[in-house]
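let's see this in three dimensions:
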Amino acid sequence: MTQSMTLRTKDEAAARRIAEAFAPEAIDTLLKDAKATGTPIDGVDGLLNQMTKAVLERALQVEMTDHLGYEVGDPAGQGTGNSRNAEVHEDGVDAERSGRDRGTA
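Okay, here's the model as predicted:
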């Protein structure tokens, strides 16, 4: 298989995964759940904002893993000076920088 065929196959597979993630059935389920819980589609607490936040956070996690060369919690990074030394909470606040991990926030 040539390199261009391999890339095309990977591109096609990626396109299929995206299409599946955004399949009408998947979107209908998200919309139904949002409606059932009273979550608006737009706005600060809306479904779109939550989805955008989740995608961006995951992309940043993957980028950091790629940059550092190891997964979160992997002992490979301990003591290297290049380790993940903070925990980001659900509200997006870095516990180490906020002092919350020491009870001083």
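
now whichever helix in the chain runs longest: how far from the chain's centre is it?
In the chain, taking DSSP state H as the definition, the longest helix is helix 47-68. From the chain centre to the centre of helix 47-68 is a distance of 3 Å (CA atoms, centre = their mean, to the nearest Å).

got any ranges where this protein has weak pLDDT?
Residue ranges of the chain with pLDDT under 70: 1, 3, 5, 82-105.

what packs against the longest helix of the chain?
helix 24-37 (3 or more CB pairs under 8 Å, 6 or more residues apart in numbering; DSSP states H and E). In short, each C-beta sits where N, CA and C put it, glycine included.

okay, the angle between the helix it packs on and helix 47-68?
In terms of direction (axes from the mean of the first three to the mean of the last three CA atoms, to 10 degrees), helix 24-37 departs from helix 47-68 by 120 degrees.

for helix 24-37, buried residues please.
Under the neighbour-count criterion of 16 or more other CB atoms under 10 Å, helix 24-37 has Ala34 buried.

residues touching that helix, excluding its own?
Glu20, Thr39, Pro40, Ile41, Leu47, Met51 (CB atoms under 8 Å, 6 or more residues apart in numbering).

and Leu47, how many neighbours?
Leu47 has 19 neighbours, counted by other CB atoms under 10 Å.

equivalent analysis for Gln50, please.
Neighbourhood size, Gln50 [other CB under 10 Å]: 14.
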